[in-house]
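*Asks:* Sequence isn't available, so here's the structure alone:
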């Protein structure tokens with residue numbers, strides 16, 4: 001059994017760790033509230049924009065999307081992996097990295113590059129795959145305008161023929177304890193499918209429907225990327241809050257066990273001292 005000093009040192013160390021994990025949990029909880037409000041407020045807009053694009057596209061020819069819907073033979077693929085800049089958030093980053101590697105294996109025999117958004121994804125994926133860009137600073141000033149610049153860069157890479165297909169991989173926020181890894185096709189735009197009946201009312205369009213669609217598509221792409229990053233941002237804080245909560249609970253259990261061990265060792269030491277004193281007294285009597 002470890003001596004009393006070692007046990008006391010471990011109890012002190014674990015108590016310090018508990019304070020750190022508990023503080024990180026509270027910080028993540030505060031940040032999660034803001035991030036959750038942001039993604040919750042954005043989803044109705046993104047859904048309505050998608051619905052509007054569906055309604056318009058349903059009444060047009062298949063090639064109405066222009067260069068954004070061009071289907072080419074897939075030889076070069078760009079995977080946009082959205083992770084975080086920091087760790088201590090459970091399997092949040094690991095799940096995206098695993099999915100990115102899985103997709104690269106799916107496209108075996110083709111050129112697969114990584115466009116990293118987040119330091120953790122860049123650090124790990126760059127060891128085994130080719131990372132062509134890293135936009136980890138986007139989280140320092142996360143806004144639609146800043147994300148739009150990245151979306152335009154990705155769009156240009158597709159339009160210019162540098163890549164034949166672009167995919168997004170990110171964690172979709174469901175709640176603080178649940179994040180779902182999503183893989184979405186960014187470009188080319190996939191044929192729009194919807195189970196809901198498409199409203200094709202008698203409307204007058206100015207300018208033409210084709211021009212409206214070509215104007216909406218770039219905006220929809222920027223919104224799709226912004227929504228993915230916002231989802232990931234909220235998921236990160238949810239995952240970190242959950243991880244720190246579990247770490248605090250585990251530290252509490254370990255501290256309690258060590259206190260029990262300490263008390264048992266202390267009691268045994270006291271008992272031994274009493275026995276030694278009694279034995280010495282009996283020896284003096286004899």
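*Replies:* Noted; the coordinates are in hand. All values reported here derive from a predicted model rather than from experimental measurement.
*Asks:* Show me what the biggest helix by length in the chain is packed against.
*Replies:* Of all segments of type helix in the chain, defined using DSSP state H, the longest is helix 209-285. Under the contact definition 3 or more C-beta pairs under 8 Å, 6 or more residues apart in numbering; DSSP states H and E, helix 209-285 sits against helix 4-57, strand 76-82, helix 92-106, helix 144-159, strand 165-175, strand 178-187. Bear in mind the C-beta positions are built from the backbone N, C-alpha and C, glycine included.
*Asks:* same question for the longest one, mean pLDDT?
*Replies:* Helix 4-57 comes out with an average pLDDT of 89.
*Asks:* and what of the shortest one?
*Replies:* When pLDDT is averaged over strand 76-82, the result is 97.
*Asks:* Can you name the residues in contact with that strand?
*Replies:* Contacting residues not belonging to strand 76-82 are listed as 96-97, 100, 103-104, 107, 110-118, 121, 125, 132, 154, 157-158, 162-171, 186, 225, 228-229, 232 [C-beta atoms under 8 Å, 6 or more residues apart in numbering].
*Asks:* List the buried residues for that strand?
*Replies:* Under the neighbour-count criterion of 16 or more other C-beta atoms under 10 Å, strand 76-82 has 76-82 buried.
*Asks:* about what we covered before: residue 206: which of the helices and strands packed on helix 209-285 is closest?
*Replies:* With distances scored as C-beta to C-beta, the stretch of the helices and strands packed on helix 209-285 nearest to residue 206 is helix 4-57 (13.3 Å).
*Asks:* helices and strands around the closest one, which ones?
*Replies:* Using 3+ C-beta pairs under 8 Å, 6+ apart, helix 4-57 is in contact with strand 165-175, helix 209-285.
*Asks:* Where among these is average confidence lowest?
*Replies:* The weakest mean pLDDT among these belongs to helix 209-285, with a mean of 91.
*Asks:* what is the orientation angle of it with helix 144-159?
*Replies:* Our comparison of helix 209-285 with helix 144-159, counting by axes from the mean of the first three to the mean of the last three C-alpha atoms, to 10 degrees, yields an angle of 120 degrees.
*Asks:* Report the distance from helix 209-285 to the chain centre.
*Replies:* Distance of helix 209-285 from the chain centroid (C-alpha atoms, centre = their mean, to the nearest Å) equals 19 Å.
*Asks:* if we can go back for a sec, now the helices and strands packed on helix 209-285 as JSON lines including distance to residue 217?
*Replies:* Output for those, formatted as JSON lines (distance: least, C-beta to C-beta, whole Å):
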{"stretch": "helix 4-57", "distance to residue 217": "7"}
{"stretch": "strand 76-82", "distance to residue 217": "18"}
{"stretch": "helix 92-106", "distance to residue 217": "24"}
{"stretch": "helix 144-159", "distance to residue 217": "9"}
{"stretch": "strand 165-175", "distance to residue 217": "14"}
{"stretch": "strand 178-187", "distance to residue 217": "10"}
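*Asks:* How is this structure partitioned into domains?
*Replies:* According to the domain assignment given by the TED database, the chain is divided into the following structural domains: 1-23+244-281, 26-242.
*Asks:* winner for burial among the ones you listed?
*Replies:* Each of these was given a mean neighbour count from mean count of other C-beta atoms under 10 Å, and the largest, a mean of 17, is that of domain 26-242.
*Asks:* Report the separation between the two terminal residues of that one.
*Replies:* Domain 26-242 has its terminal residues 10 Å apart, counting by C-alpha to C-alpha, to the nearest Å.
*Asks:* Name the SS class of residue 116, please.
*Replies:* The local conformation at residue 116, judged by DSSP: H, G, I helix; E, B strand; the rest coil, is strand.
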